[in-house]
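Asks: Kindly generate the corresponding structure for this input.
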Amino acid sequence: MDRKNTGNSVFIISILITLIFIIWGVFFTDNLAKVTNAIYNGSIDYLGWFYLGATLFFVIFSVYLLLSKYGDIRLGKKTDRPDFNTASWLAMLFGAGMGIGIVYWSVAEPITHYTAPPYGKGYTVDAANTAMKFTFFHWGLDPWAIYTVIGLALAFFQYNKRLPAAISSAFHPILGDKIYGPIGKTIDILSIFATVFGIATSLGLGAMQVTAGMHDIFGVPNGLVVQLIVIAVATVLFIISINTGLEKGIQYLSNTAMILSFAIMLVILVVGPTLTIFKVLFNTTGIYLSDFIHMSLRLEPFGEGKWIASWTLFYWAWWIAWAPFVGMFIARVSKGRTVREFVIGVLVVPTLGTFLWMSIFGGSALELVQKQDNHHLANFITKNVSLSIFTFFDYLPLSSVLSILGFAVVAIYYITVADTATFVLGMLSEGGTLNPSNKIKVIWGVIQSAVAAVLLLAGGLNVLQTASIAAALPFAVIMVVMCYSLLKGLKSEVKVQRGSKGRAPVQP
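Replies: Numbers count the residues shown, from 1 in each chain. Next comes the predicted model:
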C-alpha cells in the first residue's frame, strides 16, 4: 500500500470537509448555530450515559495498565531511550493537554460552582467544597486518562509495530492491512475533523483571554474585532515557530510556559492565603477520591440534568475532541519510555500538578470572595470568564507583576497549542510521517485559525462548545474499540518477548 497516496487522499478530503464548514459558518451563521445546537442536545439527551461510562472506563483501563505485567514493555526497541528529558517531556505534554484551558477556568470555574452549585445552596461553605471537588473532577484523572489511552496506543503501534503515525494504526490487530483502505482513511479523517474543532475551541477561548489580558493591562478594547486580530497575529507567530521544528520551537515554548506557570504559583503561594491553599489541596483531594465513582456516573435521570450537560458532559466531549491531537503529540515525544513510565507521566503527575494549580487559584479566589462576602466580585467573575484570572490578580499583592506573567503564560500556551496542533495535523494528513513538511503545517495552521474565527463569528463560546461535542461523539466510540486493540497488541508483544528470551543465541 502506498502510504503517500493514502496520506494525500486523507489530506484532500479533510481539507474539503473543513473548508465546507468554514463557508457554512461565514455565509449561514444562524443555520450553523441551529444545527450544532441540535446535535449537542441530541448527544447529551440520548448518549450522555455513554460519555460518562466510556470516560470512567478509560480511567480504570489506564490504572490497570499501570499495575499490569505490560508496565515493563518499552515503547520502541529495548535499547531505545527517551528523546527528551523528563522535565521537558512533562512540560510539552502538559502544554498540549491543558494549556490555555487550565488558565482560563482556574478562577472562573470554582467561583461559578460556588455561586450556582450542582446541588445545595450557593455562597455557603458546602458550596465552596462542592465547587472545588467538581473542579478537580473536571480537570483531574478523567481527561488525562483519555490522553493516556490514545497516546499509549499510538506510541505502541508506531514504535513497537513500526506502523505509520496515524490513528488508524492503533486498529491493526483488528483490521490488519485494512487500515490502509477506506476504513482506515475514515478513522484518520474523523481524527483530523475532531482535532480541528477541538483546537478551534481552545484557540477561541485563548483569543478571548489574550484580548481580556490586553484590556486589563494595556487598556485595549475587549471586543470581537480585537479577538480576530489576536488570532491573525498569533497565526503569523506560530507559523514562524513551526519552521524551528519540534526539538526547538515547541520544546522551548513549553519549557518557558512551565517555568512562568511555576513562578506565578510560587508568588501566589507566598503572597496569597498559603495555609488555606494547602488545606484546600488536601481536603479536596480527599473528597474527590471519596466521591469519584458517584461523580463519574452522576446523571440525574429524574431531573433535567442541565448542570451535568453544561459542565461534566461538555468537558468529557471536549477532552475527547482533543484526544487525537494530544494523543498523537504525546506519542511523538514518548519514544523510549516504558508503559509504566508513560502512564505515571501522562496520568498521575499531570493530575497532581493540576490539583495544585486549581488549589492555588481556585482556593485563593474562593477565600477572597468568602472573606469579603463579595457577591459583586463573584458575579463579575462568572459573567466575565475571560477576565477572571486578571480580576483575581487585581486583589492580590504584586498584582501588576502577576498580570504580566499571566498574560505571558496565556500568550505562550496559545502559540504552543497552535504550533503543536499544526505539527499533529501534518502527521495525520501526510500518511503518518513523524516529521511533516512545513508546507502542510502552514496550511493547517491557517485553516485551524480560520475555523476558530468562524466559530467566534457564529456565536462565540456556545457554538465552540457544540461544535466540539459534535466532533467528539464518533471518536468516543473509536477510542473504546482502541482499548481492545491496544490490549491485543500488548498481549502479542509479551508473547514475542517471551519467545525471544527462549531462543538459543545465534552463532557467529
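
Asks: Quick check: phi and psi at the nearest residue to Gly426 once chain neighbours are set aside.
Replies: With sequence-adjacent residues excluded and distances taken as Cβ to Cβ, 6 or more residues apart in numbering, Gly426 is closest to Pro436, at 2.7 Å. No exception for glycine: its C-beta is placed from N, CA and C like everyone else's. Main-chain dihedrals, Pro436, degrees, to the nearest 10: phi -70, psi 160.

Asks: Distance check, Pro436 against Glu430.
Replies: If you measure Pro436 against Glu430 using Cβ to Cβ, to the nearest Å, the figure is 5 Å.

Asks: now Leu154
Replies: 15 Å.

Asks: Where does pLDDT dip in this protein?
Replies: Along the chain, segments meeting pLDDT under 70 span 1-7, 244-248, 373, 458-465, 467-469, 499-508.

Asks: Flag every buried residue along the helix or strand containing Thr351.
Replies: Applying DSSP states H and E as the criterion places Thr351 in helix 349-358. By 16 or more other Cβ atoms under 10 Å, the buried positions in helix 349-358 come out as 349-351, 353-358.

Asks: ok, now stretch 168-177?
Replies: 168-173, 175.

Asks: List just the nearest of the residues you listed to Leu52.
Replies: Set against Leu52, the nearest of these by Cβ to Cβ is Ala170 (23.1 Å).

Asks: give me every residue that touches the residue nearest to that closest one when sequence neighbours are not counted.
Replies: Nearest non-adjacent residue to Ala170, counting by Cβ to Cβ, 6+ apart: Ala153, 4.2 Å away. For Ala153, the contacting residues are 170, 327, 482-483, 485-486, 489, by Cβ atoms under 8 Å, 6 or more residues apart in numbering.

Asks: Pull out the buried residues from stretch 230-244.
Replies: If you call a residue buried by 16+ other Cβ under 10 Å, then stretch 230-244 has these buried ones: 230-231, 234-235, 238-239, 241-242.

Asks: Mind listing residues that contact that stretch?
Replies: 203, 206-207, 210-211, 214, 249-250, 252-253, 411, 414-415, 418-419, 422-423, 438, 441-442, 445-446, 449, 452-453, 456.

Asks: Weed out the non-buried ones from those residues.
Replies: Going by neighbour count (16+ other Cβ under 10 Å), the contacts of stretch 230-244 have 203, 206-207, 210-211, 214, 249-250, 252-253, 411, 414-415, 418-419, 422-423, 441-442, 445, 449, 452-453, 456 buried.

Asks: and whichever strand or helix holds Ile189, what other elements does it pack with?
Replies: Using DSSP H and E, Ile189 sits within helix 182-218. Helix 182-218 is packed against helix 3-27, helix 100-105, helix 224-242, helix 312-332, helix 388-393, helix 399-429, helix 438-457, helix 461-502, with contacts defined by 3 or more Cβ pairs under 8 Å, 6 or more residues apart in numbering; DSSP states H and E.

Asks: Now do the fourth one against helix 438-457, angle only.
Replies: Using axes from the mean of the first three to the mean of the last three Cα atoms, to 10 degrees, one finds that helix 312-332 and helix 438-457 are set 170 degrees apart in direction.
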